[in-house]
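Visitor: Have a look; sequence and predicted model below, questions after that.
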Amino acid sequence: MGGLKLEVLYRTDADAEGGHALLMLGWPQAAWHLELVEDPREETPPTPTDEDLLVFYLGGPIDDEVIDQLVQAGGERVPSRNPYWDQWGVTIRDPDGYRLVLSHRPWP
């Protein structure tokens, strides 16, 4: 999907067990995925801050093509509130205001 080319790995609607719509995104061969859960009563309105970061430790150079894809998908390259992330990576703010950090450092 979009800039990171994540795929929908699983999706349910609010009729599923627990009454929450769920979307799982990731790369099919990765050992991780993201779970996005809808609040059916909207008791938790989205309120992104400069410190709401999703960080990917890539362990190597950040491909300029990936950054271009993220910008073309609606993201904006921005400076981080914490200069640590500017030193060790690139920060992209998505159209909703949340921030993605691509770090060239390895983890752990």
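Guide: Nice, I can see it. Numbering: from 1, shown residues only.

Visitor: Doesn't residue 71 lie inside a helix?
Guide: Yes. Assessed by DSSP: H, G, I helix; E, B strand; the rest coil, residue 71 belongs to a helix.

Visitor: How about the contacts made by the closest residue to it other than its chain neighbours?
Guide: Leaving aside its sequence neighbours, residue 71 sits nearest to residue 77 (CB to CB, 6 or more residues apart in numbering; 6.6 Å). Placement of C-beta: from N, CA and C, glycine included. If a contact means CB atoms under 8 Å, 6 or more residues apart in numbering, then residue 77 has 67, 71, 90-92 as its contacts.

Visitor: which of these lies closest to residue 9?
Guide: residue 92 (22.0 Å; CB to CB).

Visitor: Next one: residue 104 relative to residue 23, how far apart?
Guide: Using CB to CB, to the nearest Å, residue 104 is found at 28 Å from residue 23.

Visitor: And the contacts of the worst-scoring helix or strand of the chain on mean pLDDT?
Guide: Of all helical and strand segments in the chain, the minimum by mean pLDDT, DSSP states H and E falls on strand 34-37, at a mean of 87. With CB under 8 Å, 6+ apart as the test, strand 34-37 has contacts from 6, 20-26, 54.

Visitor: mind giving me a markdown table with the contacts of residue 77 and columns for pLDDT?
Guide: Shown next, in a markdown table, are the contacts of residue 77 (pLDDT from 0 to 100):
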| residue | pLDDT |
| --- | --- |
| 67 | 95 |
| 71 | 96 |
| 90 | 97 |
| 91 | 97 |
| 92 | 97 |
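
Visitor: taking the residues you listed one by one, which sit in strands?
Guide: Using DSSP state E to define strands, the subset of the contacts of residue 77 located there is 90-92.

Visitor: can you list those in a markdown table and add neighbour count and distance to residue 61?
Guide: Below are the ones in strands among the contacts of residue 77 laid out as a markdown table (neighbours: other CB atoms under 10 Å; distance: CB to CB, whole Å):
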| residue | neighbour count | distance to residue 61 |
| --- | --- | --- |
| 90 | 19 | 11 |
| 91 | 22 | 16 |
| 92 | 23 | 16 |
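
Visitor: of the residues you listed, closest to residue 32?
Guide: residue 92 (18.9 Å).
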